[in-house]
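J.: What follows is a protein structure lacking sequence information:
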């Protein structure tokens, strides 16, 4: 039986901390950015009566592969900067109905709000990532500044984009050896961009939406935030090198091979010379 205050739940506090951190980094201006996070029933039962459905929210695609799963999700049109002070309005906890065409709202969105408009992309990515890694729980989208800027000035070839970020920071290859997927520009919030992102997520945990932002996936909020943060730092270093007159020396492919061996990771096939 639910007997604890949900505003004190670890997963609510994690979401408050993460959204505030992302806002402070400048990645989530206004209502830019969204997060979805899979929760276990056992995490929720002390805080909510799981039979008490506040309202039903329709979905624009078939999410039956996620039937019965619980998610805490940022709301559409909501500002990350406001989550900390009013989580009950800016966040919601939902359960995917058995047939996958609607959600049960169990908590949150108290002003009548809805989950992020990019929920199709999130759910399609969750479906894709869970097939690769059953422990994947988080999908995170933001407008990381330097990664966004690079989509205007650097090649959108996935291999070249990945390689330059690997070369900018020694930790990059260690953190995202699976590289970065890059999409063409597609209208956000559509099934089309969701399907394209999910396809890329089969082989990479980071996907760039050119002229828009980045998608990341991981096992928890810290890991996923750190994944994006590492790529963004590498993009920032690249940006600074261009301002300082261009790259004069960098990590070699042999350096990167040695790094991969030392940290027991495998660089994406064909990405090193």
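T.: Structure's in. What do you need? It should be emphasised that the depicted structure is a prediction, and the values quoted were computed from it without experimental measurement. Numbers count the residues shown, from 1 in each chain.
J.: how about the helices in this protein?
T.: Taking DSSP state H to define them, one finds helices in the chain at 10-24, 41-44, 87-90, 119-132, 145-153, 158-168, 170-175, 191-200, 221-243, 253-263.
J.: mean confidence score for the fifth one?
T.: Yep, that's helix 145-153 we're talking about. Averaging pLDDT along helix 145-153 yields 97.
J.: From here on, call the first residue 28.
T.: Right, with 28 as the first residue, what we last looked at is helix 172-180.
J.: picking up where we left off before, for the helices of the chain, which one sits closest to residue 99?
T.: Counting by Cβ to Cβ, residue 99 lies closest to helix 37-51 out of the helices of the chain; the figure is 5.8 Å. From N, CA and C alone the C-beta is placed, and that goes for glycine too.
J.: Any buried residues in the closest one, and which?
T.: Of the residues in helix 37-51, 38-39, 41-43, 45-47, 49-50 count as buried by neighbour count, 16 or more other Cβ atoms under 10 Å.
J.: Going by distance to residue 174, which of the residues you listed wins?
T.: Among the buried residues of helix 37-51, and counting by Cβ to Cβ, the member closest to residue 174 is residue 49, at 13.4 Å.
J.: Dihedrals phi and psi, the residue nearest to that closest one when sequence neighbours are not counted?
T.: Excluding the flanking residues, the one nearest residue 49 by Cβ to Cβ, 6 or more residues apart in numbering is residue 55, at 4.8 Å. Note on residue 55: backbone dihedrals following degrees, to the nearest 10 are phi -140, psi 60.
J.: how near is residue 55 to residue 132?
T.: Separation of residue 55 from residue 132 (Cβ to Cβ, to the nearest Å) stands at 23 Å.
J.: Excluding chain neighbours, what is closest to residue 79?
T.: Using Cβ to Cβ, 6+ apart and skipping residues adjacent in sequence, the residue nearest residue 79 is residue 133, 7.0 Å away.
J.: and that neighbour, what is it in contact with?
T.: Residues in contact with residue 133 (Cβ atoms under 8 Å, 6 or more residues apart in numbering) are 71, 75, 77, 79-81, 97, 120-122.
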